[in-house]
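Chemist: coordinates for the following, if possible.
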Amino acid sequence: MGAGYAGTARASVAKPQYLPKSIDAAREYDNGYYSLYPRVSEKTRTRIQLHVFPLPTRKRKKSMKPMNGVLAKRKPLFAAVCLALLCSAGTGFAKDDDQNLSKLGAFKRTDTAPGRIVPQGGPYAENLKKVLQRIKMPEGFKIELFAIVPDARQMAVSRNKATVWVGTRKSTVWSVTDRDMDNVADTVDEFSPSVKFDVPAGACYSPDGFLFVAERNRVMMFPAAEYFMESPDTVAIPIVKQGELIPPEEESYNHSARACAIGPDNRIYITLGQPFNVTPSEKVDLYRKLGVGGIVSFNRDGKDRQVVLTGMRNSSGLAFNPKDASLWFTDNQVDGMGDEIPPGELDRVPLENGKLKLGMWYGFPWYGGGSTRTDEYKNTPIPKELADKYVKPEVEMIAHAADLGMMFYTGRMFPAKYQNAIFNAQHGSWNAVKPRGARVMVTYLDAKGHATKTEPFAEGWMNEDGVYLGRPVDVRQYVDGSLLVADDKAGAIYRISYQSK
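Modeler: Numbering: from 1, shown residues only. Predicted structure coming up:
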């Protein structure tokens, strides 16, 4: 692992190494690893830094003297205890931070330590740049490393500073900023460390400067996020409180990465994946009522919850067509039915009198994807009330490619053929015998707003042996009209630009 992508605890040591005698020396010697350790007290951090984690193997500086004249001994039990301390100190859950949220809402300080900083550049960045040399795109396009961002998921781009907000499936939201506007991020900082996030994968940004973060079971609003981003304390308001997005007893570790978007009606739309491969029959009615396995929407204050649609298995991408205000989303389909079925989906919510037609049904769990019936429901008749509201996919994607984040292109940089086209990220399969995905796709629409053709746009993140060199997870238009691609395997964001001859 290069020095740029750190933050992973390492308790095993191949051979003894000299250790710094102070945290200041560790900061100097470590050149970035220290800044990514989770937030713990200075005393605890010192113990962990000096006794558990080996420093990168480099030429020892003069300040690096043996501690108390001897090499540090790392006993397995002690290392395990310290590792547990570190993990528990850095793990925060949304349900436990009511006190901090109360202070933040009253504009009071929490005395939270500054957040982590992700070093940019170094060997890790150079290795990623080598991978990018493999990526194939249409003539005139170029892909470059924009930022190292651990566990990057859904992105949102702000208007003024051009900061990119990045969610994760862990407990961190990152702010990524190109401060000198040279198309490479200069700083990647932990955003709002005073808030304990729980799977804050979904990030979306409103035109008037509000950042929204959709977690496993909460929705946070951050007014003036660009203004407060330099501080550990931010205005933070839970518009959907912990345990109210879904019933707490329905929380799962599976399919809990939400995606969100601000609609043209100024409401926030959120995907709610259901946790099963195929929903058991006893859960179907409950999930339809709640919008689990569907999309829900709220006013921006979290009120007036509406179930927009159901019959979705698990979506990590949604976007509104800027031309007709229709809502589109990706959907990942049932596993275990073979490599080539069922297909993934790109879906559209129909319009009625210029507005979204609410209450439509997209097939799951009777359909596993496209027209493929699931084994569990193939002998069960589809209820008429659902059959009457069924909407077929606009596009059937290759099976198990895992189509995730998506967007409509409205910039001025790309050629005219891409105007209002849909870009989406294919994450790649976890279980297909024949690997597939790990690329960026583009879908073109006709004059009536329906899909006409889908083709690869950027591919090459999978080598000849089927090993993923990267896994695109989201796409977002940057302020200059270029395309940002998040990769949660590499922990990076790439920038695709175009220059005509």
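Chemist: please, where are all the strands along the stretch 51-200 of the chain?
Modeler: Per DSSP state E, counting those that start in this stretch, the stretch 51-200 of the chain carries strands over the ranges 141-148, 155-157, 164-166, 174-177, 187-190.
Chemist: with the stretch 251-400 of the chain instead?
Modeler: Under the criterion DSSP E, counting those that start in this stretch, strands of the stretch 251-400 of the chain are mapped to 260-262, 268-272, 294-298, 306-310, 318-320, 327-331, 344-349, 351-352, 355-356, 360-361, 367-369, 372-373, 395-397.
Chemist: nearest approach to Tyr478 belongs to which of those strands?
Modeler: Closest approach to Tyr478 among the strands of the stretch 251-400 of the chain is made by strand 318-320 (15.4 Å; Cβ to Cβ). All C-beta spots, glycine's among them, are computed from the backbone N, C-alpha and C.
Chemist: related to what we said a few turns ago, quick one: the strands of the stretch 251-400 of the chain as TSV, columns for mean pLDDT and mean neighbour count too.
Modeler: Formatted as TSV, those follow (pLDDT from 0 to 100; neighbours: other Cβ atoms under 10 Å):
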stretch	mean pLDDT	mean neighbour count
strand 260-262	98	23
strand 268-272	98	26
strand 294-298	98	24
strand 306-310	98	21
strand 318-320	98	24
strand 327-331	98	26
strand 344-349	98	24
strand 351-352	96	12
strand 355-356	97	17
strand 360-361	98	21
strand 367-369	98	25
strand 372-373	98	19
strand 395-397	98	22
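Chemist: thinking again about what came up before, highest average neighbour count across the strands of the stretch 51-200 of the chain?
Modeler: Highest mean neighbour count among the strands of the stretch 51-200 of the chain (mean count of other Cβ atoms under 10 Å): strand 164-166, with a mean of 28.
Chemist: before we move on, the earlier item: compare the strands of the stretch 251-400 of the chain and report which one is nearest to Tyr253.
Modeler: With Cβ to Cβ, the closest approach to Tyr253 among these belongs to strand 268-272: 15.0 Å.
Chemist: hang on, the earlier thing: for Ile295, find the nearest of the strands of the stretch 51-200 of the chain.
Modeler: Taking Cβ to Cβ, strand 155-157 is the member of the strands of the stretch 51-200 of the chain nearest to Ile295, at 17.5 Å.
Chemist: contacting residues around the closest one?
Modeler: Residues from elsewhere that reach strand 155-157 (Cβ atoms under 8 Å, 6 or more residues apart in numbering): 163-167, 203-205, 211, 405, 474, 476-479, 484, 486, 493.
Chemist: got a list of contacts for stretch 317-325?
Modeler: Stretch 317-325 has contacts (Cβ under 8 Å, 6+ apart) with 154, 259-261, 263-264, 269, 271, 295, 326-330, 351, 354-356, 403-408, 410, 420, 422, 424-425, 445, 449, 474.
Chemist: oh, that last question was meant for stretch 374-392, not what I typed.
Modeler: Contacts to stretch 374-392, defined as Cβ under 8 Å, 6+ apart, come from residues 278, 281, 311, 334, 337, 347-350, 359-363, 365-368.
Chemist: how much space between Ala447 and Lys323?
Modeler: Per Cβ to Cβ, to the nearest Å, Ala447 is found 10 Å from Lys323.
Chemist: who has more neighbours out of these two?
Modeler: Neighbour totals were compared for Ala447 and Lys323, and Lys323 leads with 13 against 7 (other Cβ atoms under 10 Å).
Chemist: ok, now how distant is the more buried one from Val391?
Modeler: Separation of Lys323 from Val391 (Cβ to Cβ) stands at 19 Å.
Chemist: pull the contacting residues for Ile239.
Modeler: Phe212, Val219, Met220, Met221, Ile268, Phe298, Arg300, Asp301, Gly302.
Chemist: count the neighbours of Leu484 for me.
Modeler: Leu484: 22 neighbours (other Cβ under 10 Å).
Chemist: that one bridge partners, please.
Modeler: Judged by DSSP bridges, the bridge partners of Leu484 are Arg476, Arg495.
Chemist: for this protein, which spans come out with low pLDDT?
Modeler: 1-96 (pLDDT under 70).
Chemist: at the geometric centre of it, which residue sits there?
Modeler: The centroid of the chain falls nearest to Arg153 when counting by Cα atoms, centre = their mean (1.6 Å).
Chemist: do you know how far that one is from Ala257?
Modeler: Relative to Ala257, and taking Cβ to Cβ, Arg153 is found at 6 Å.
Chemist: do Arg169 as well
Modeler: Arg169 is 5 Å from Ala257, where distance means Cβ to Cβ.
Chemist: swap in Gly105?
Modeler: Per Cβ to Cβ, Gly105 is found 26 Å from Ala257.
Chemist: same question, Asp403
Modeler: Relative to Ala257, and taking Cβ to Cβ, Asp403 is found at 14 Å.
Chemist: could you find the closest non-adjacent residue to Ser160?
Modeler: One thing to correct before we go on: residue 160 is Asn, not Ser. Ranked by Cβ to Cβ, 6 or more residues apart in numbering and with sequence neighbours excluded, the top spatial neighbour of Asn160 is Glu226, at 5.6 Å.
Chemist: which residues does that neighbour contact?
Modeler: Applying Cβ under 8 Å, 6+ apart to Glu226 gives the contacts Ser158, Asn160, Lys161, Thr163, Gly209.
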